[in-house]
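**Q** The following comprises the amino acid sequence and a computationally predicted model.
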There are 2 protein chains.
Amino acid sequence: CYECFGGVDCSQVIDNCVIDLDHGDPTMFEEFWFRNAANTITVILGYQRMSYFAQSKHVWFMENELEVQIRELHRVVGNAVTEGRHIVVGTGSTQLFQATLYALTSSDQSKPTNIVSAAPFYSSYPAVTDYLRSALFKWAGDAVEYNLGAEHEEPYIEMVCSPNNPDGRIQHAVVNGTGHVVHDLAYYWPHYTPITGAADHAIMLFTLSKSTGHAGTRIGWAILKDERVAKKMTKFLELNTIGVSHDSQVRATQVIKAVIEGYTSSEPQSGSPQTVAQHSDNNKLFHFGNSVMHYRWKRLREALNGSSAFSIPGFQPSYCTFFQKDIDQTPAFAWLRCKKTADCQAFLKERRIITRSGRHFGAGAEFVRLSMLERNQKFEMLVDRLARVEASRTPD
Amino acid sequence: CYECFGGVDCSQVIDNCVIDLDHGDPTMFEEFWFRNAANTITVILGYQRMSYFAQSKHVWFMENELEVQIRELHRVVGNAVTEGRHIVVGTGSTQLFQATLYALTSSDQSKPTNIVSAAPFYSSYPAVTDYLRSALFKWAGDAVEYNLGAEHEEPYIEMVCSPNNPDGRIQHAVVNGTGHVVHDLAYYWPHYTPITGAADHAIMLFTLSKSTGHAGTRIGWAILKDERVAKKMTKFLELNTIGVSHDSQVRATQVIKAVIEGYTSSEPQSGSPQTVAQHSDNNKLFHFGNSVMHYRWKRLREALNGSSAFSIPGFQPSYCTFFQKDIDQTPAFAWLRCKKTADCQAFLKERRIITRSGRHFGAGAEFVRLSMLERNQKFEMLVDRLARVEASRTPD
């Protein structure tokens, strides 16, 4: 049984169970893939793809068909330019983040390059930058503060996550300098945000985890303008893990192909997220994702409406070129603020809700990040529990 | 077509093609798995294993069934003690090597820990230790020289690869100190060496790549006595790649299970590597591997017998507890010495044979490492070409 469920058929809800929303584990997408099980079976025979290398040693480990499908996916969604760009596949975008730091720095530099990002920033950026205490790069904190100091005369790399993890904001580079900018576009998909154009930055990171929901497959990709950056990132992947699992690449290819087929098969497309429940949209991943996220944010806003305990950010709808109409921002995480308590994470933990404290994101402890991507029942339990917290505190 | 082959059905040999033996790409095992294709099919449905987590968040990313099969494999082969030990799965043993360095050092230490290994040592050890210029660890070269200096009063980690990459020697720790020792047992399988007992060291690394031949799956595992080391290695895997591909873990489970079944099914076992060609041994991986390697070393020794150009190391046979008789050492690499030329790599490159120079292994340029694990035809081409080099030089 999954967490919070028991009984012979796992249908019994364990009311006082711990709801863990610390990670952005995208299990809400299981429902879509369960419904589309027939055309997304990955089969690998014992003797296939045993080599370190893919088709030829020229391309090293990267499976050609995966690259083809990644380019086609971006063409269908319209969220990134891939024509004339280099693609490097990695073991998730976390590995690619490290590969970009390696590619954009040099082994003979005298001081580590400063890595910055506007707060609140993704909690993994500082942790992953600093865990090996590299002399090539070091975490230098909030990009806004960095921009005010004299330090930005030094070499730096600015991480721009947009829509932002943890708070869903649309972001742009803030440091006024000539350093490198890495765009982490993990959440720039129609599930979470209006697509406002094809992104065309020097370095862009994407991941299967937040696009199709296959986090366990550990596949991400970088879209790059500069071939030298692509080559040095590939060198990192060779040193770090001798390439990327070919089984994962095969599965990612299969899954992305199924997403594309949902939008290119002959049946007429409605183009409307509201009709996701209809059978014709059953195989349209972004319609499914946007519909679920829209429902969940509506539920959460209703539950916290007029709340004295919690607040969440508001967003303006924008025109989405993919859905061809205005849609809301429906981020993968809720960036929750506790109005009456200084340690929001501890406050929620007492209520058996595990979240990640704002402190890890360069923000205050009155904030927490909680995943909106969990399985349905767990999300419903969360909303009910947050609503109950509210009610019990109203008399105070 | 594979390298060196062309024509409509890829059966035409391209005589003057480049034979690349730089990597230890274990494609010779394809033949075994092709023969056993029926029971080694990996099937993954679209909605399966989407989460970052395996069965429960307690075990994080590690698939329970893979751990069970790894323990059973070592029991069948008798090459390592696993009872009461912790197992950590990684994205190949290269990632696990880095995880051990992270686990055995501390973020608050004032100087980097010295990493040493007796020369000739695996060329990846220095490269992978130093590419990020970590303040936690740094490459300090040949363990024999290190032992002579006063430096071994400092913290150090000694890598012991046995049988050794590149030269096939059986090795033991050489530094006379109290530092950590990591045993890289990638080649401690009956394909390559007599099994002389169940290894029982504090930290042992193994890899699917050199045991079953599935390099592209990127799965390795560590067997550990200390739970704290296991936990810190797991933390490294979380920071480095947020765990290990679940698709790869599923396939590794399937493949290891098939190896075990080859030795535990009801039919009588011959226990003899000579009988590998017989149908009854068709599904016995180590019989296949040992038979192929035995043939190849015999071929290579015959071709180089009395050679004035090249020499290769000699080995004494030993009793193998797995095959229950004396067998030869048949290493995964040939450690070739050019007798008449100072740069053996360049000498062979002129003859269109790509090898790795001894310089990368802390040895002289008169040595090269070449893979003995390539597909059959490529190996035969290598031997023919080496024999021709010899003949053409004899008149000198």
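**A** That came in fine, so what should we check first? Residues are numbered from 1 along each chain as shown, chains lettered A, B, ... in the order given.
**Q** who's in contact with residue A:239?
**A** B:94, B:124, B:127, B:128, B:131 (Cβ atoms under 8 Å, 6 or more residues apart in numbering or on different chains). (Each C-beta comes from the backbone N, C-alpha and C, glycine too.)
**Q** Recalculate using a threshold of 10 Å.
**A** A:99, A:102, B:94, B:98, B:124, B:127, B:128, B:130, B:131, B:132 (Cβ atoms under 10 Å, 6 or more residues apart in numbering or on different chains).
**Q** how about stretch A:102-118 as CSV, C-alpha atoms only?
**A** Extracted in CSV, the C-alpha atoms of stretch A:102-118 (Å, rounded to 0.1, in the frame of the first residue of the first chain):
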residue,chain,number,x,y,z
TYR,A,102,31.9,22.0,-14.7
ALA,A,103,31.6,23.1,-18.3
LEU,A,104,31.4,26.9,-17.5
THR,A,105,34.5,26.9,-15.1
SER,A,106,38.1,26.0,-15.7
SER,A,107,40.5,23.7,-13.8
ASP,A,108,43.2,26.4,-13.8
GLN,A,109,41.2,29.3,-12.4
SER,A,110,42.6,30.7,-9.1
LYS,A,111,39.2,31.3,-7.3
PRO,A,112,36.0,29.4,-7.4
THR,A,113,33.2,30.9,-9.6
ASN,A,114,30.3,32.3,-7.6
ILE,A,115,27.0,30.5,-8.1
VAL,A,116,23.9,32.7,-7.4
SER,A,117,20.1,32.6,-7.8
ALA,A,118,17.4,35.0,-6.7
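**Q** Could you give me the buried positions within that stretch?
**A** Neighbour-count burial for stretch A:102-118, counted by 16 or more other Cβ atoms under 10 Å in any protein chain shown, picks out A:102, A:103, A:104, A:105, A:112, A:113, A:114, A:115, A:116, A:117, A:118.
**Q** The last one: what's its closest spatial neighbour, skipping adjacent residues?
**A** If I follow you right, that is residue A:118. residue A:143 (4.5 Å; Cβ to Cβ, 6 or more residues apart in numbering or on different chains).
**Q** next one: the fifth one
**A** Leaving aside its sequence neighbours, residue A:112 sits nearest to residue A:138 (Cβ to Cβ, 6+ apart; 4.2 Å).
**Q** Spit out the contact partners of the one you found.
**A** A:101, A:111, A:112, A:113, A:114, A:115, A:126, A:129, A:130.
**Q** just to revisit the earlier point, buried ones among the contacts of residue A:239?
**A** A:99, A:102, B:94, B:98, B:124, B:128, B:130, B:131, B:132.
**Q** Now do the contacts for the fifth one.
**A** Counting by Cβ under 10 Å, 6+ apart, residue B:124 makes contact with A:238, A:239, A:242, B:93, B:94, B:97, B:165, B:184, B:360.
**Q** What about the residues you listed, which are in strands?
**A** residue B:184 (DSSP state E).
**Q** who wins for neighbours among the contacts of residue B:124?
**A** Ranked by the number of neighbours (other Cβ atoms under 10 Å in any protein chain shown), these place residue B:184 first, at 28 neighbours.
**Q** if I pick it, what's in contact with it?
**A** By Cβ under 10 Å, 6+ apart, the residues touching residue B:184 are B:93, B:96-97, B:100, B:117, B:121-122, B:124-125, B:159-162, B:164-165, B:171, B:203-207, B:220.
**Q** let's go with 8 Å and repeat that
**A** Counting by Cβ under 8 Å, 6+ apart, residue B:184 makes contact with B:93, B:97, B:122, B:159, B:160, B:161, B:162, B:165, B:205.
**Q** now, among those, which is nearest to chain A?
**A** residue B:93 (9.3 Å; Cβ to the nearest Cβ).
**Q** got the phi/psi numbers for the residue lying closest to that closest one once chain neighbours are set aside?
**A** With sequence-adjacent residues excluded and distances taken as Cβ to Cβ, 6+ apart, residue B:93 is closest to residue B:220, at 3.4 Å. Main-chain torsions, residue B:220, degrees, to the nearest 10: phi -130, psi 170.
**Q** that older thread, got the buried residues of stretch A:102-118 as JSON lines, with pLDDT and secondary structure columns?
**A** Putting the buried residues of stretch A:102-118 into JSON lines (pLDDT from 0 to 100; DSSP: H, G, I helix; E, B strand; the rest coil) gives the following:
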{"residue": "A:102", "pLDDT": "98", "secondary structure": "helix"}
{"residue": "A:103", "pLDDT": "98", "secondary structure": "helix"}
{"residue": "A:104", "pLDDT": "98", "secondary structure": "coil"}
{"residue": "A:105", "pLDDT": "98", "secondary structure": "coil"}
{"residue": "A:112", "pLDDT": "97", "secondary structure": "coil"}
{"residue": "A:113", "pLDDT": "97", "secondary structure": "strand"}
{"residue": "A:114", "pLDDT": "97", "secondary structure": "strand"}
{"residue": "A:115", "pLDDT": "98", "secondary structure": "strand"}
{"residue": "A:116", "pLDDT": "98", "secondary structure": "strand"}
{"residue": "A:117", "pLDDT": "98", "secondary structure": "strand"}
{"residue": "A:118", "pLDDT": "98", "secondary structure": "coil"}
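**Q** Looking at those residues, which is nearest chain B?
**A** residue A:102 (7.0 Å).
**Q** Could you double-check that the closest one lies in contact with residue A:237?
**A** No: contact status for residue A:102 versus residue A:237: not in contact, 9.5 Å apart, counting by Cβ atoms under 8 Å.
**Q** for the stretch 151-300 of chain A, what spans make up the strands?
**A** In the stretch 151-300 of chain A, the strands defined using DSSP state E, counting those that start in this stretch lie at A:156-161, A:180-184, A:203-207, A:220-224.
**Q** Among those strands, which comes closest to residue A:60?
**A** Nearest of the strands of the stretch 151-300 of chain A to residue A:60, taken as Cβ to Cβ: strand A:220-224 at 14.5 Å.
**Q** what's the angle from the closest one to strand A:203-207?
**A** 160 degrees (axes from the mean of the first three to the mean of the last three Cα atoms, to 10 degrees).
**Q** What residues does residue A:185 make contact with?
**A** Contacts of residue A:185 (Cβ under 8 Å, 6+ apart): A:79, A:80, A:162, A:199, A:204, A:205, A:206.
**Q** Pull the contacting residues for the last one.
**A** The reference is to residue A:206. Residue A:206 sits next to A:70, A:80, A:93, A:185, A:186, A:188, A:220, A:221, A:222, A:223 when contact means Cβ under 8 Å, 6+ apart.
**Q** Quick check, pLDDT for the closest residue to the fourth one other than its chain neighbours.
**A** Nearest residue to residue A:185 in three dimensions, chain neighbours excluded: residue A:204, at 5.2 Å (Cβ to Cβ, 6+ apart). With respect to pLDDT, residue A:204 scores 98.
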